[in-house]
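[1] Dropping the sequence and predicted coords here.
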Amino acid sequence: MCGIVAYLGQKRAEPILVEGLKRLEYRGYDSSGIAVIGPEKMRLVRSAGRISNLEELLTEENIIGTLGVAHTRWATHGKPSTENAHPHLDHTGRIAIVHNGIIENYTTLKQWLIEKGCSFSSETDSEVIANLISFFYHDRANLDLPEGRDEPAGHLTAATRLALRELAGTYGIAVICQDAPDVLITARRGSPIVLGVGDGEFVVASDVAAIIKHTSQAVYLGDNEMAVISRDGYQTSTIDNVPVASRIEQIEYLLEEIELAGFDHYMAKEIFEQPKTLKACLSGRLDTNEGRIQLGGIADISRELVRARRINIAACGTAWHAGLVGEYLFEELAGLPTDVDYASEFRYRNPIIEEGTIQIVVSQSGETIDTLAALREARQRGALSLGVVNSVGSTIARETDAGIYLHVGPEIGVASTKAFTGQVAVLTMLALYIARRRHMSQQRLSEYINALNRIPDQVDTILTQSDTIRQVAQEYSQRENWLFLGRGYQFPVALEGALKLKEISYIHAEGLPAAEMKHGPIALITPEMPVVFIATHCSQYEKVMGNMEEVKARGGRIIAVATEGDERINNYADHVFSIPDTLDELQPLLTVVPLQLLAYHAAVIRGHDVDKPRNLDKSVTVE
Ligand code: G6P
């Protein structure tokens, strides 16, 4: 939800900022801009639309300067336009800020600032931050200068602190001022900020993707923390000016991992990467010799996990679907009652957290604000928390009591794919880990471990059907309504298949438990309606066949995901995508793959920008 980049160092800031913005474009792509402090004055260039529009404008400018801030926007307050694009300057034009988040009390602040003589030029909530800092900066009488620095950098720091105290809502910000060409200030509450610490240079960003080209050393700013960066170093403190000892961490992934590697889209790359990412996710965790599952991140709470009486899972979007698979797994394998919540609903009801409740939060980014809020609520109510997160060092990863990383590498495509299979793989291992310690026999666990080990290669064989899937997508790509049906473990996969199609193809699709179709949606079935069945060999196979008969009798077109070698399916289905056979509990790891490809091809055929779907955002850091 908006991407921030800022640079202070010895090099020209402009190309570094623009390159950083491109790395963060998946966080927002309706407008962008940069502000750089040059030898004489602040230079500001902004543009509506994609970053390529900004680049075009920049070819006509010659922006010199080694300190700057930049932003790519996902609009919340105010339409996507050049005026509303960041950076925002204060009304004197000396201070520039970029902001990710929402300032909830901005109308009151704006009114107050207008009364004090400030003028505004955008409809955004963010512009009040620039003007509020400016107000305190120019009204020196108000400034308490604990830094003891009676010069512009000290004034700016003190003014920023005062301004931040007035803000309600969430923010990740970077601030620069023309009078202080050697200082960059950043702060966060709710929205992520990472400070890359290079050799004589610093890059601040919403995400490490914009940093790794310059350095692999990073400081992840905590909530309500601030960093004041100068050319010689940086200081971290709370917003209230209590010093914080920062810890430099090693960024785990490499630049190659965020390149397209010859694919047309990140989504395609990430779908095709799944054999590799699943291997990485399972690696070191499945001990085939000893027949054990080892999950280092939960060692400290393994006792509590084994004795748990209930599991709650909270997540959003695709991660919520992975959580639903988790519900089946924990109940079936570990015998643990499990509930799954939309994270956004969790804290607005009165969730009952009994003793022995483990709260699991599932999140690719580790920054989704609703999931973070659910985590905090559950912890406050006494639950022990466990994160299933991909982004190392993210807020959710840091705030949970224990966690298991996905290790599937950075996911850039807005439609989540490899993170889903990673999340399901982690939840499967966790369910098996608990099950073995509660009641599962060694022999049974070994069967699961062996089957899990085969999954990456099995995904590989599914991917070879990509061309066939593309042909089916071509045949039906103009149909505007689809149904996705599955039972048991395949119900969450049906939801995920429908979500993928909606997100990137803008086709209306609904996922349902196959049997629920009879209770209403069957009225929609006509020869115009493609119905995707996930109909693999499993305990509910016969029942799913019955549901297919019902669709066929009404002339619906059937696309089936079935187990290799199933001849009977041809009596019902117009098209079949096959998956290799595996245990029922592991099938979601395979059945989702053809549905990801189906959505991808349909979107490309319909001419959509797959990696930047309309109105969506990869990391939703506003409620
Ligand atoms: C957004 C993304 C989805 C994602 C969801 C949860 O809506 O577009 O793809 O599943 O957020 O994100 P998280 O990072 O918490 O998994």
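    Cool, got the structure. Numbering: from 1, shown residues only.
[2] From residue 528, how far out is the closest residue to the ligand within the chain?
    Taking C-beta to the nearest ligand atom, the ligand has its nearest neighbour within the chain at residue 317, 2.8 Å off. C-betas here are computed from N, CA, C, even on glycine. Computed with C-beta to C-beta, to the nearest Å, the distance linking residue 317 and residue 528 is 28 Å.
[3] Kindly report the same for residue 282.
    Distance from residue 282 to residue 528, by C-beta to C-beta: 42 Å.
[4] These two - which one has more neighbours?
    residue 282 (21 against 13; other C-beta atoms under 10 Å).
[5] For that one, which residues are in contact?
    Counting by C-beta atoms under 8 Å, 6 or more residues apart in numbering, residue 282 makes contact with 425, 429, 452, 453, 455, 456.
[6] Which pLDDT value belongs to it?
    At residue 282, the model reports a pLDDT of 97.
[7] one step back: pick out the most distant pair among the contacts of residue 282.
    Within the contacts of residue 282, two members stand farthest from each other by C-beta to C-beta: 429 and 456, at 14.0 Å.
[8] buried subset of the contacts of residue 282?
    Restricting these to buried positions leaves 425, 429, 452, 455, 456, with burial counted as 16 or more other C-beta atoms under 10 Å.
[9] just those that are near the ligand?
    Among the buried ones among the contacts of residue 282, no residue lies close to the ligand (C-beta under 6 Å from any ligand atom).
[10] now, among the contacts of residue 282, which is nearest to residue 306?
    Distances from residue 306 to these, taken by C-beta to C-beta, are shortest for residue 429, at 14.7 Å.
[11] so that closest one touches residue 293, yeah?
    Yes: counting by C-beta atoms under 8 Å, residue 429 does reach residue 293; the two are 5.3 Å apart.
[12] So what would you say the end-to-end distance of stretch 396-416 is?
    18 Å (C-alpha to C-alpha, to the nearest Å).
[13] average pLDDT across that stretch?
    Rounded mean pLDDT across stretch 396-416 is 94.
[14] Ok, stretch 554-563 next?
    93.
[15] contacting residues around that stretch?
    472, 476, 522, 525-527, 529-537, 548, 551-552, 569, 572-581, 591, 594-595, 598.
[16] Take the residues you listed and keep only those in helices.
    Among those, DSSP state H puts 472, 476, 548, 551, 552, 591, 594, 595, 598 in helices.
[17] Kindly reformat the residues you listed as JSON lines containing neighbour count and distance to the ligand.
    Listed next are the ones in helices among the contacts of stretch 554-563 as JSON lines, based on neighbours: other C-beta atoms under 10 Å; distance: C-beta to the nearest ligand atom, whole Å:
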{"residue": "472", "neighbour count": "22", "distance to the ligand": "24"}
{"residue": "476", "neighbour count": "20", "distance to the ligand": "23"}
{"residue": "548", "neighbour count": "22", "distance to the ligand": "29"}
{"residue": "551", "neighbour count": "22", "distance to the ligand": "29"}
{"residue": "552", "neighbour count": "17", "distance to the ligand": "33"}
{"residue": "591", "neighbour count": "27", "distance to the ligand": "18"}
{"residue": "594", "neighbour count": "26", "distance to the ligand": "19"}
{"residue": "595", "neighbour count": "27", "distance to the ligand": "14"}
{"residue": "598", "neighbour count": "29", "distance to the ligand": "17"}
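[18] Would you mind pulling the contact partners of stretch 366-376?
    Contact with stretch 366-376 is made by 170, 190-192, 314-316, 319, 341-344, 346-347, 359, 361-363, 385, 387, 389-391, 393-397, 399-400, 619-623, as judged by C-beta under 8 Å, 6+ apart.
[19] Equivalent analysis for stretch 131-141, please.
    Outside stretch 131-141, the residues that reach it (C-beta under 8 Å, 6+ apart) are 90-92, 94-95, 97, 109, 113, 116, 118, 120, 142-143, 155-156, 158-160, 162-163, 166-167, 175, 177.
[20] Show me which residues of this structure sit near the ligand.
    So the chain meets the ligand at 316-319, 363-365, 368, 371, 414-416, 616, 618-620 (C-beta under 6 Å from any ligand atom).
[21] Out of those residues, which two sit at the greatest distance?
    Pairwise over the residues of the chain next to the ligand, using C-beta to C-beta, the maximum falls at 371 and 415, 17.9 Å.
[22] From the buried ones among the contacts of residue 282, pick the one nearest residue 263.
    Using C-beta to C-beta, the buried ones among the contacts of residue 282 come closest to residue 263 at residue 456, 18.8 Å.
[23] SS state for that closest one?
    Three-state assignment for residue 456 (DSSP: H, G, I helix; E, B strand; the rest coil): helix.
[24] show me what contacts it?
    Contacts of residue 456 (C-beta under 8 Å, 6+ apart): 274, 275, 276, 278, 279, 282.
[25] Reformat these as CSV; add secondary structure.
    Listed next are the contacts of residue 456 as CSV, based on three-state DSSP:
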residue, secondary structure
274, helix
275, helix
276, helix
278, helix
279, helix
282, helix
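[26] Got a ChimeraX select line for the buried ones in those?
    Selection of buried members from those for ChimeraX, criterion 16+ other C-beta under 10 Å:
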select :274,275,278,279,282
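[27] could the contacts of residue 456 go into CSV alongside distance to residue 603?
    Shown next, in CSV, are those (distance: C-beta to C-beta, whole Å):
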residue, distance to residue 603
274, 18
275, 22
276, 23
278, 23
279, 27
282, 29
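[28] Quick one: residues contacting residue 55.
    residue 18.
[29] nearest to residue 483, of the contacts of residue 456?
    residue 274 (25.2 Å).
[30] my guess is that closest one contacts residue 421, does it?
    Yes: Residue 274 sits in contact with residue 421 when judged by C-beta under 8 Å, with a separation of 5.4 Å.
[31] Need the overlap of contacts for the two.
    Contacts common to residue 274 and residue 421, judged by C-beta under 8 Å, 6+ apart, are 459, 593.
[32] ranges for the helices of the stretch 51-200 of the chain?
    Remark: helices assigned in the stretch 51-200 of the chain by DSSP state H, counting those that start in this stretch are 51-59, 106-115, 127-138, 152-166.
[33] that older thread, list residues touching both of residue 429 and residue 293?
    Joint contacts of residue 429 and residue 293 (C-beta under 8 Å, 6+ apart) are 285, 286.
[34] name the helices or strands packed onto the least confident helix or strand in the chain by mean pLDDT?
    The least trusted helix or strand in the chain, going by mean pLDDT, DSSP states H and E, turns out to be helix 541-553, with a mean of 87. Contact here means 3 or more C-beta pairs under 8 Å, 6 or more residues apart in numbering; DSSP states H and E; on that basis helix 541-553 packs against strand 481-486, strand 530-535, strand 557-563.
[35] So in that sheet, which strands flank the last one, and in what orientation?
    Just to be clear, that refers to strand 557-563. Using DSSP bridges, strand 557-563 pairs in its sheet with strand 530-535 (parallel), strand 575-579 (parallel).
[36] what does the last one contact?
    With C-beta under 8 Å, 6+ apart as the contact definition, strand 575-579 has outside contacts at 458, 462, 465, 468-469, 472, 536, 558-566, 569-570, 587, 590-591, 593-594, 598.
[37] Tell me the gap between it and the middle of its chain.
    Taking the mean of its C-alpha atoms, strand 575-579 sits 30 Å from the chain's own mean (C-alpha atoms, centre = their mean, to the nearest Å).
[38] what is the mean pLDDT for it?
    Here the average pLDDT along strand 575-579 is 97.
[39] where does the stretch 1-150 of the chain have low pLDDT?
    The stretch 1-150 of the chain contains residues with pLDDT under 70 at 1, 141-150.
[40] mind running it again at 90?
    Low-confidence segments of the stretch 1-150 of the chain (pLDDT under 90): 1-2, 25-30, 38-41, 49-50, 60-62, 73-82, 102, 139-150.
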